[in-house]
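Undergrad: Can you look at this prediction? I've put the sequence above it.
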Amino acid sequence: MFRFILLTAATVGVGVLFLVSAITAPSASAITPAEGDIDQNGIVNSSDLLLVALRAAGTDVNHDGRTNSRDLRLVAQVFGSVPPPPPATETESDRPDESDASPTPTATTEAVSTPTEAPPATAPALPTDTATPAAAATAAATATATSRVTTTVTQTRAATNTPTPTPADTATATATVAPTSTPTPTPTPTSTNTALRTPTSANTPTPTPTGLVASQSGTLDTLDTVITDMQGNHEGCLPAGVDGVKNYAWQFHPITNSVAPPAGFVATTGWAALEADCNGNPATNVRAEFRGFKTYLLLKSTGRWTLVQSSTGIGGGQFLPNFTQNVNEPADIRNEGGGMTSVAPVAGRAFHFWHSPDGRVSINDADVAAIFVTLQARLIVDDPTSADDLDTAKLLLAAGGDWWHDLSAPWPNNAQAGFAKFKWLRRDWRPFNLTTASETTLRANPPPLD
């Protein structure tokens, strides 16, 4: 009975197929595989029409969940006795009409092209079907039986505008276009290392090294220099006559004799001494130049260093190296201008000098806690027209201070406050200092520095 129904449907389908072929023959060859070659066998034939009809009717002959060329082959097996078609010879109706570049689509073509979704890019290619007699008969029968269903589905989709998913094995494959990725710009790194930025002197002061006074930055003298000028040994050896026979304690190193004035000593002065090295001074065209000669007193009443002497001129003479009996002779003192004074050294003598014209100043002996004497010195040529031999000079200078009974008391009515370190004179300015204040006092309360 089943074979009889299928045979009847096939017979009717062949008649319909001939009718369709007669209508579409002039333009059938113009249908492209993407539009009509459903089974992708390279030609648009009855197999494609049958496959469309089976899908529209939802026919799944082998029950594998899909309607494809396998279902067509099953139908062909059932109608294996269908006589074969005429030999495949090209006829005028089969030859492509090259003049018809834009064929008018038929009602059947419109029904097939209604779905709008693109099939998956990975849809497998269908196997190529051969135009067997069974396939032709089956295609005709199925196309006739499901033509109404196809038309109804097409009209319904158009009315509801609801896209119908494309089956997985649809012949028309659309390549999946990978979305264009918008490159994410790399953010410009911002400097977070603000802590590692170099500070400018305009807004960040340079820390003052230990021993320097911040308010006196840029000065030649430093607190460390003041302190070390009262420590260690002399930089050179003192000449003959300044020896240990008479217990001259200042022969080898600086000394502090009296931190503050003894009771009843109401005057003071700062001074300095220029000596030649114990091996002599080879330089002959040389002078020692001085500037910034000052004396400060640390007062108990104020806790401040008070300037009591500041002279542009000096007074003094050429003494014996050990100052025995205060014997001296006049010295060659020259005003160099600009607050600077110089002296020519004399072999075998020590130039001992003090402030001028104020050789001594009055003080309140009970209010003085310490003394600070400072000056700067360097080497200069005595005669600019003669050879410069300053590099051979061997001259030493040290600062000192005395307490006196009064402004006019003669020698020896004085008490030595101290004698600082003897240091070499050079071409460049160099500070020389004496102080009777301790290092602790100096660091806690440093004196003014130039």
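TA: In hand now; what should we look at? Numbers count the residues shown, from 1 in each chain.
Undergrad: pLDDT score for Asn45?
TA: In this prediction, Asn45 carries a pLDDT score of 72.
Undergrad: ranges for the helices of the stretch 201-350 of the chain?
TA: Here the stretch 201-350 of the chain has its helices, by DSSP state H, counting those that start in this stretch, at 223-228.
Undergrad: That one: strands as residue ranges?
TA: For the stretch 201-350 of the chain, the strands defined by DSSP state E, counting those that start in this stretch occupy 255-256, 267-276, 287-299, 305-311, 313-319, 328-330, 333-337, 340-343, 350-356.
Undergrad: Reformat those as TSV; add distance to Asp382 and mean neighbour count.
TA: Where C-beta positions appear, they are placed from N, C-alpha and C, glycine not excepted. Listed next are the strands of the stretch 201-350 of the chain as TSV, based on distance: least, CB to CB, whole Å; neighbours: other CB atoms under 10 Å:
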stretch	distance to Asp382	mean neighbour count
strand 255-256	32	18
strand 267-276	14	24
strand 287-299	5	22
strand 305-311	23	18
strand 313-319	15	19
strand 328-330	17	11
strand 333-337	9	13
strand 340-343	8	20
strand 350-356	14	22
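Undergrad: Pro239 is nearest to which of those strands?
TA: Pro239 sits nearest to strand 267-276 of all the strands of the stretch 201-350 of the chain, at 5.9 Å, using CB to CB.
Undergrad: still on that earlier bit, mind putting the strands of the stretch 201-350 of the chain in CSV, distance to Ala399 included?
TA: CSV is the format used below for the strands of the stretch 201-350 of the chain (distance: least, CB to CB, whole Å):
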stretch, distance to Ala399
strand 255-256, 12
strand 267-276, 5
strand 287-299, 9
strand 305-311, 12
strand 313-319, 13
strand 328-330, 19
strand 333-337, 18
strand 340-343, 15
strand 350-356, 11
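Undergrad: right, so of those, which gets closest to Asp221?
TA: Comparing the strands of the stretch 201-350 of the chain by their distance to Asp221 (CB to CB), the top pick is strand 287-299, with 8.6 Å.
Undergrad: what about this structure, any weak spots by pLDDT?
TA: 1-39, 44, 47-59, 61-62, 67, 69, 71-217, 240-241, 243-247 (pLDDT under 70).
Undergrad: let's go with 50 and repeat that
TA: 3-7, 11-12, 14-34, 81-216, 245 (pLDDT under 50).
Undergrad: surely Gly303 meets Thr441?
TA: No - the criterion here is CB atoms under 8 Å, and Gly303 misses it with Thr441 at 10.4 Å.
Undergrad: More neighbours: which of these two?
TA: Remark: of Gly303 and Thr441, Thr441 carries more neighbours, 16 against 10, as counted by other CB atoms under 10 Å.
Undergrad: and that one, what does it touch?
TA: 298, 370 (CB atoms under 8 Å, 6 or more residues apart in numbering).
Undergrad: Report the separation between it and Pro448.
TA: 15 Å (CB to CB, to the nearest Å).
Undergrad: Same question for Pro345.
TA: Distance from Pro345 to Pro448, by CB to CB: 30 Å.
Undergrad: who has more neighbours, these two?
TA: Pro345 (24 against 17).
Undergrad: so the more buried one touches Ala276, yeah?
TA: Yes - counting by CB under 8 Å, Ala276 is a contact partner of Pro345 at 6.3 Å.
Undergrad: Common neighbours of those two, please.
TA: Leu395.
Undergrad: If you drop the residues flanking it in sequence, what lies closest to Thr436?
TA: Val259 (4.2 Å; CB to CB, 6 or more residues apart in numbering).
Undergrad: same deal with Lys423?
TA: Glu235 is the one closest to Lys423 (CB to CB, 6+ apart), at 4.9 Å.
Undergrad: Can you tell me the element Leu442 falls in?
TA: Element membership for Leu442 (DSSP states H and E) is helix 439-444.
Undergrad: Contact partners for the closest residue to Gly315 other than its chain neighbours?
TA: Among residues not flanking Gly315 along the chain, Ser356 sits closest, at 3.5 Å (CB to CB, 6+ apart). Contact analysis of Ser356 by CB under 8 Å, 6+ apart lists 311, 313-315.
Undergrad: so which of those residues comes closest to Lys421?
TA: Distances from Lys421 to the contacts of Ser356, taken by CB to CB, are shortest for Ile314, at 20.3 Å.
Undergrad: For that closest one, list the residues it contacts.
TA: Ile314 neighbours (CB under 8 Å, 6+ apart): 290, 293, 333, 341, 343, 353-356.
Undergrad: farthest pair in those residues?
TA: It's Val343 and His355 that sit farthest apart of the contacts of Ile314, by CB to CB, at 14.5 Å.
Undergrad: circling back to that earlier point, who's in contact with the residue nearest to Thr436?
TA: Counting by CB under 8 Å, 6+ apart, Val259 has contacts 369-370, 417, 436-437.
Undergrad: And Asn414, by the same measure?
TA: Counting by CB under 8 Å, 6+ apart, Asn414 has contacts 265, 402-405.
Undergrad: Return the set of residues that bridge with it.
TA: Beta-bridge partners for Asn414, by DSSP bridges, are Trp404.
Undergrad: Look up how far Val286 lies from the residue nearest to Thr436.
TA: Val259 is 36 Å from Val286, by CB to CB.
Undergrad: now Gln416
TA: As judged by CB to CB, Gln416 and Val286 stand 29 Å apart.
Undergrad: ok, the two, which is more surrounded?
TA: Val286 (23 against 15).
Undergrad: which one is that one nearest to, not counting chain neighbours?
TA: Nearest one to Val286, counting by CB to CB, 6+ apart, is Ala393 at 4.9 Å.
Undergrad: Check Leu395 too.
TA: Closest to Leu395 by CB to CB, 6+ apart is Leu425, at 4.7 Å.
Undergrad: Neighbours of the one you found, how many?
TA: Neighbour number of Leu425 under other CB under 10 Å is 24.
Undergrad: Report the contact partners of it.
TA: Applying CB under 8 Å, 6+ apart, the residues near Leu425 are 288, 377-379, 393, 395-397.
Undergrad: 10 Å instead, please
TA: Residues in contact with Leu425 (CB atoms under 10 Å, 6 or more residues apart in numbering) are 274, 286-289, 345, 377-380, 390, 393-397, 432.
Undergrad: thinking again about what came up before, check the spacing between the residue nearest to Thr436 and Leu407 real quick.
TA: Noted for Val259: a distance of 22 Å to Leu407, by CB to CB.
Undergrad: same question, Asp365
TA: Asp365 is 13 Å from Leu407, by CB to CB.
Undergrad: what do the two both touch?
TA: Residues touching both Asp365 and Leu407 (CB under 10 Å, 6+ apart): 266-268.
Undergrad: Next one: Pro412 from Phe323, what distance?
TA: 11 Å.
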